[in-house]
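Undergrad: Sharing a sequence plus its predicted fold:
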Amino acid sequence: MRSGHRRCWAKCGHVFTWALFVAVVSGGVGRTTVAAADAEQRPPNVVVIFIDDMGYADIGPFGAEGYPTPNLDRMAREGRKFTDFYVTQAVCSASRAGLLTGCYNVRVGILGALGPKSRIGIHANEVTMAEICKQRDYATACYGKWHLGHHRQFLPMQHGFDDYFGLPYSNDMWPYHPNVLHLPMSERLRRWPHLPLIDKNEVVNAQVTGQDQEQLTTQYTERAVQFIEKNRERPFFLYVPHSMVHVPLYVSDKFKGKSQRGLFGDVVMEVDWSVGQILDTLRKHELDEHTLVVFTSDNGPWLSYGDHAGSALPLREGKGTMFDGGCREPTLMWWPGTIPAGTVCREPAMTIDLLPTVAQMVGAELPDHPIDGKDIWPLIAGEEGAQSPQEAYYFYYGRELQAIRRGKWKLHFPHGYRTMAGRKGGTGGIPEPYRQARTGLELYDLSTDVSETNNVAAMHPQVVQQLEALAESMRDELGDARTKRAGKGVRPPGKVAG
C-alpha cells in the first residue's frame with residue numbers, strides 16, 4: 001500500500017478496469033471505502049521498447065557477459081521472460097511493420113530495410129498499435145528509429161502518434177560509414193545522403209554527425225520520461241525504438257569505457273540505463289502497477305561486424321537469416337502485480353501478437369482488414385496451461401517462405417542464406433564479408449536442438465508432411481517467391497505520389 005492507496009485490477013474478458021481505493025482511519029479503527037461510487041474506467045498504459053540488432057544473448061537475463069544490465073535483470077525478476085519470442089523477418093523495416101500492424105510484413109508490402117531513396121512506406125489504410133490505442137483516447141508517442149518510410153505521409157504522426165522524435169531510418173544510412181571515409185564527400189553523398197533528425201514532422205538537424213549520434217539514446221530517453229510525466233493522468237502508449245545497438249555504435253560520455261566488452265558493451269549498458277529511467281519514472285508516479293512494458297529487439301545481431309555486433313548464442317546465425325539467431329529475440333514483459341514475477345514463458349509467440357493483445361487489453365476494436373496476430377494475454381499473464389493461440393508461425397525472408405514453426409518443430413524449406421561460417425567477423429566497425437550457403441528441406445526439434453543443427457526430417461516424415469500442408473495454405477494467402485506464387489491476401493504498401 002502506498003500513501004494509503006491501493007490499486008485493484010479486475011479483468012473482465014481481457015478489458016482491464018482500474019479502481020482506486022482509499023484507506024480511512026476513524027476513531028482508531030481502519031476501514032476501506034471506495035473513493036468513488038463507480039470504478040474509474042482507465043485502461044492500462046503500454047510501453048514498447050524495441051532495440052535494433054540486439055542478439056539473443058546480449059542482455060543479462062539471456063546470458064550476457066562482460067557488462068552489467070541491472071535494470072533488465074530487475075525487469076526479468078519482477079516480470080516474465082519469453083524464451084521463444086519471434087519477429088516476422090530478420091531485417092529492420094520488415095520487422096517494424098510486423099510489430100506495429102499485427103501482420104506478417106509480407107501482407108502489408110514492407111520488405112527489407114527502406115532507405116533514403118525509397119518511395120514507399122506504411123500504407124495509410126494500415127492500422128498501427130498507436131491507432132488501436134487512439135480509439136480509447138490514449139496519448140501516443142514514438143521516440144527513436146521509425147523506418148517505415150521517411151516521406152511525410154509515412155511518418156509516425158500520420159499513423160496514430162501524437163509526438164515523434166528520431167531518425168527516419170537506420171543510423172548507418174549516411175556518408176560517414178567507416179567503409180567510405182577514404183572517399184571524397186561528393187562520392188560518399190552519391191551513395192548516401194546526410195542523415196536527418198526529425199522532430200514531429202520537421203527536420204531539425206539535416207546533417208547528423210557522430211557527436212549527435214552519441215546523444216541519441218539519451219535524447220530518446222529524456223523524451224520518453226517527459227512524455228510519461230506529461231501524461232501520467234491519462235492512458236498512454238509509448239513506443240521507444242532505439243537506434244542502438246545497430247552499427248555504427250555510439251555512446252554518451254557517461255558510459256564510454258565502462259564495460260569489459262568494449263564499445264558494444266558500453267552501448268548495451270546505456271540501453272539498460274534507458275530502460276531503468278523509464279521504469280523508475282513509472283514507479284515514481286505509481287504507474288508501475290498500471291503499465292505493461294515490453295522489451296524486445298527487431299532482429300538478431302549483425303554478425304559480420306564482429307566486435308561491434310552482439311551474440312545470438314546458442315541460436316544459429318544472426319540478422320538477415322530466418323534461423324532462430326536472426327528472428328528469435330530476447331524478450332521481457334513487466335507489469336508488477338499483474339504479470340507473475342520471476343517467471344518464464346517457453347511457448348512460441350511473435351510481435352504480430354502484440355497488437356491484438358493490446359486491443360483486447362484496452363477495449364479497442366481490431367481493424368476491419370485481416371491481420372495475422374492473435375491475443376496472447378494468457379501467455380503474458382502466466383495462466384496455467386496456456387499455449388500459443390497460433391497453429392503455426394511462418395518465416396519469410398523477402399517474399400520467400402523459408403521456414404515454419406509449430407510447437408517444438410521448425411521446418412526449413414530449401415533456401416540460400418548468408419553466414420559467417422564460424423568466423424568472428426570484423427573489428428572496429430569494419431565488417432567482414434559473408435559467405436553464401438544453402439539449406440535443404442530440414443526439420444529441427446527445438447526442444448532438444450535449439451541451435452538447429454540436427455536435421456531429423458527423415459525420422460519424422462509425418463511432421464514434415466503436416467508442416468508442408470500448412471505452408472501451402474500460407475502460400476495461397478501471402479505467396480512465395482521460391483514457388484513463384486502470388487498471395488491473394490497481400491496488400492500494397494503506401495507510395496509517394498508522382
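TA: Cool, the structure landed.
Undergrad: With adjacent residues omitted, what lies nearest to His194?
TA: Distance criterion CB to CB, 6 or more residues apart in numbering; nearest residue to His194, sequence neighbours excluded, is Gln207 at 4.2 Å. All C-beta spots, glycine's among them, are computed from the backbone N, C-alpha and C.
Undergrad: List the contacts of the one you found.
TA: By CB atoms under 8 Å, 6 or more residues apart in numbering, Gln207 lies in contact with 194-196.
Undergrad: Of those, which is the nearest to Arg475?
TA: Of all these, the one with the least separation from Arg475 (CB to CB) is Leu195, at 38.2 Å.
Undergrad: you'd agree the closest one is in a helix?
TA: No: looking at Leu195 with DSSP: H, G, I helix; E, B strand; the rest coil, it is coil, so not inside a helix.
Undergrad: Check what pLDDT the nearest residue to it once chain neighbours are set aside gets.
TA: Here the nearest residue to Leu195 in space, its sequence neighbours aside, is Trp174; by CB to CB, 6+ apart that works out to 3.7 Å. Per-residue confidence for Trp174 comes out at a pLDDT of 96.
Undergrad: Now the element after the lowest-mean-pLDDT helix or strand in the chain, going C-ward?
TA: Lowest by mean pLDDT, DSSP states H and E among the helices and strands of the chain is strand 29-34, with a mean of 34. As assigned by DSSP states H and E, the chain's next helix or strand after strand 29-34 is strand 45-51.
Undergrad: Relative to the whole chain's centre, how far out is that next one?
TA: For strand 45-51, the separation from the chain centroid amounts to 8 Å (computed by CA atoms, centre = their mean, to the nearest Å).
Undergrad: which residues touch that strand?
TA: 96, 99, 129, 133, 144, 235-242, 244-245, 271, 274-275, 278, 282, 287, 290-298, 354, 358, 361-362.
Undergrad: let's see 7 Å
TA: The set of residues external to strand 45-51 that reach it, using CB atoms under 7 Å, 6 or more residues apart in numbering, is 99, 133, 235-242, 245, 271, 275, 278, 287, 290-298, 358.
Undergrad: residues near Gln260, how many?
TA: Under the neighbour criterion other CB atoms under 10 Å, Gln260 is assigned a count of 9.
Undergrad: Now Ile352: closest residue in space that isn't a chain neighbour?
TA: Taking CB to CB, 6+ apart as the measure, Ile352 lies nearest to Gly373, with 3.7 Å between them; neighbours along the chain are not counted.
Undergrad: burial of that neighbour, as a residue count?
TA: Gly373 has 26 neighbours, counted by other CB under 10 Å.
Undergrad: Give me the distance between Val251 and Val268.
TA: With distances defined as CB to CB, to the nearest Å, the gap from Val251 to Val268 amounts to 9 Å.
Undergrad: low pLDDT regions in this protein?
TA: 1-40, 498 (pLDDT under 70).
Undergrad: can you list the domain ranges for it.
TA: 5-34, 45-387, 394-495 (automatic domain parsing).
Undergrad: Wait, a helix at the residue nearest to Ile352?
TA: No: the assignment for Gly373 is coil, going by three-state DSSP, so no helix is present there.
Undergrad: Now do the contacts for it.
TA: Taking CB under 7 Å, 6+ apart as the contact definition, Gly373 lies against 102, 352-356.
Undergrad: switch the cut-off to 6 Å
TA: 102, 352-353, 355-356 (CB atoms under 6 Å, 6 or more residues apart in numbering).
Undergrad: now the closest residue to Asp272 other than its chain neighbours: how far from Gly276?
TA: Taking CB to CB, 6+ apart, and ignoring the residues beside it in sequence, Asp272 has Thr69 as its nearest neighbour in space, at 4.2 Å. Applying CB to CB, one obtains 9 Å for the distance of Thr69 from Gly276.
Undergrad: what's the answer for Met361, then?
TA: Going from Met361 to Gly276 by CB to CB gives 24 Å.
Undergrad: what about those two, which has more around it?
TA: Neighbours around Met361 and Gly276, counted as other CB under 10 Å, are more numerous at Met361. The numbers are 23 against 17.
Undergrad: I'd like to know how many residues surround the spatially closest residue to Lys374 that is not a sequence neighbour.
TA: Spatial nearest neighbour of Lys374, excluding adjacent residues (CB to CB, 6+ apart): Pro389 at 4.1 Å. Residues within reach of Pro389, counting by other CB under 10 Å, total 17.
Undergrad: start to end distance for stretch 109-116?
TA: The first and final residues of stretch 109-116 sit 18 Å from each other (CA to CA, to the nearest Å).
Undergrad: Give the buried residues for it.
TA: Of the residues in stretch 109-116, those buried under the neighbour-count criterion (16 or more other CB atoms under 10 Å) are 109-111, 113-114.
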